[in-house]
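# need a 3D model of the sequence below.
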Amino acid sequence: MAVQKLPIARAINESLRTALENDPKVLIMGEDVGKLGGVFRVTDGLQKDFGEDRVIDTPLAESGIVGTAIGLALRGYRPVVEIQFDGFVFPAYDQIVTQLAKMHARALGKIKMPVVVRIPYGGGIGAVEHHSESPEALFAHVAGLKVVSPSNSADAYWMMQQAIQSDDPVIFFEPKRRYWDKGEVDKEAFPELSASLEQGRSRSALLHKAAVAREGSDLTLVAYGPMVKVCLEAAAAAEEEGKSLEVLDLRSMSPIDFDAVQASVEKTGRLVVVHEAPVFLGTGAEIAARITERCFYHLEAPVLRVGGYHAPYPPARLEEEYLPGLDRVLDAVDRSLAY
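Residues are numbered from 1 along each chain as shown. Below is the predicted model:
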């Protein structure tokens, strides 16, 4: 049966399995990804079926993991590396920023860097700092990296396929609190995006296209990863009060599909950007600036942002006060509509 209802974690597992089956140059590396199947069991069963030479348990050394992946990519492999938690990526940040992101340009395009770095990110699981953070803006700022995040099972499956097929390095942020949210996945049918109607665009290019998750006319909510579900809930709640909110799933934080955001804002006249990461110098700031430039005469209100606070991630008992939720999104909607 082509269509299955899978949790996001299982959809990623199935996508990795498909990639391993289709291309002998695909490898998976990371801490406990083999025998244990990863902390979140995303790689469960893959080492048993494909062997220790293709699903590799590594030492606890993130810099070494990414450095090894860079060397493998130089020799024609397509490594997929797992960073166990978001906050554990920083020992590898030097390798990612100074080597992985720059080798293609440094070699005047002669070298490809088809490396995928998987990072479970975000809060909502009752964990502490280094296990609950959203550092995507730190990577989106770096030229040479692609940065994406799925919000549902179908996107988790297909975006992973696209990321592995890309010749550019992709930082693949996985919303860990949504790992067990289920959705339909059709492994034989590429998901429909309005952008997919464009002629001459490869599937890999469509990795960075936004998708309308819900149509509306009064205000646009832009989100990605874990916050898409919150925005859909906000739109459903607002509908009961007669407000029509459009929800745009950004899917990619670098590059950003500004054309899709612009098209939505030109229709609704209002924009609220939502992400878990701190608002200060975040993805929402870039979107607000660009859309203000592009849509100045269409905007009926200032672009508003909802996100985490500019503070270290709090203890688990306080995380619900830190994370943006339904009330904070709806408050921003009300403030925008009040203009």
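# helix or strand with the lowest mean pLDDT in this structure?
Lowest by mean pLDDT, DSSP states H and E among the helices and strands of the chain is helix 203-206, with a mean of 70.
# helices or strands next to the helix or strand just after that one in the packing?
Using DSSP states H and E, the helix or strand that follows helix 203-206 towards the C-terminus is strand 211-214. Packing partners of strand 211-214 (3 or more Cβ pairs under 8 Å, 6 or more residues apart in numbering; DSSP states H and E): helix 227-239, strand 245-249. Every C-beta, even on glycine, is put in place using the N, C-alpha and C of the backbone.
# winner for burial among these?
strand 245-249 (a mean of 26; mean count of other Cβ atoms under 10 Å).
# can you name the residues in contact with the helix or strand that comes right after that strand?
Counting by DSSP H and E, the next helix or strand C-terminal to strand 245-249 is strand 252-254. Residues from elsewhere that reach strand 252-254 (Cβ atoms under 8 Å, 6 or more residues apart in numbering): 136-137, 139-140, 145-149, 173, 207-210, 224, 283.
# quick one: strand 252-254 to chain centroid distance?
7 Å (Cα atoms, centre = their mean, to the nearest Å).
# got it, and stretch 229-241?
Chain-centre distance of stretch 229-241: 22 Å, with Cα atoms, centre = their mean.
# report the rounded mean pLDDT for that stretch.
Stretch 229-241 shows an average pLDDT of 97 in the prediction.
# who touches that stretch?
By Cβ under 8 Å, 6+ apart, stretch 229-241 touches 151, 178, 181, 213-214, 216, 221, 223, 244-247, 274, 324-326, 329-330, 333.
# out of those, which end up buried?
Listed as buried from the contacts of stretch 229-241 are 151, 178, 181, 213-214, 216, 221, 223, 245-247, 274, 324-325, 329-330, 333; burial here means 16 or more other Cβ atoms under 10 Å.
# tell me which strands and helices the top strand by length along the chain is in contact with?
When the chain is parsed with DSSP state E, its longest strand is strand 271-278. Judged by 3+ Cβ pairs under 8 Å, 6+ apart, the packing partners of strand 271-278 are helix 136-140, strand 219-223, helix 227-239, helix 258-268, helix 283-295, strand 304-308, helix 326-337.
# contacts for the last one?
It refers to helix 326-337. 218-219, 221, 230-231, 233-234, 237-238, 243, 245, 270-272, 274, 301-302, 304-306.
# give me that answer again for 10 Å
218-221, 223, 227, 230-231, 233-238, 241, 243, 245, 268-274, 299-307, 324 (Cβ atoms under 10 Å, 6 or more residues apart in numbering).
# what pLDDT does the model give residue 129?
89.
# what do you get for residue 194?
For residue 194, pLDDT reads 47.
# which residues does the residue nearest the centre of the chain contact?
When Cα atoms, centre = their mean is applied to the chain, the residue found nearest the centroid is residue 149 (1.0 Å). The contact partners of residue 149, by Cβ under 10 Å, 6+ apart, come to 119, 121-122, 134, 136, 155-156, 159, 171-175, 223-228, 249-253, 275.
# could you redo the last one with a cut-off of 6 Å?
Applying Cβ atoms under 6 Å, 6 or more residues apart in numbering to residue 149 gives the contacts 173, 224-225.
# can I get these in TSV with neighbour count and pLDDT?
Compiled in TSV, the contacts of residue 149 are given as follows (neighbours: other Cβ atoms under 10 Å; pLDDT from 0 to 100):
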residue	neighbour count	pLDDT
173	25	98
224	28	98
225	28	97
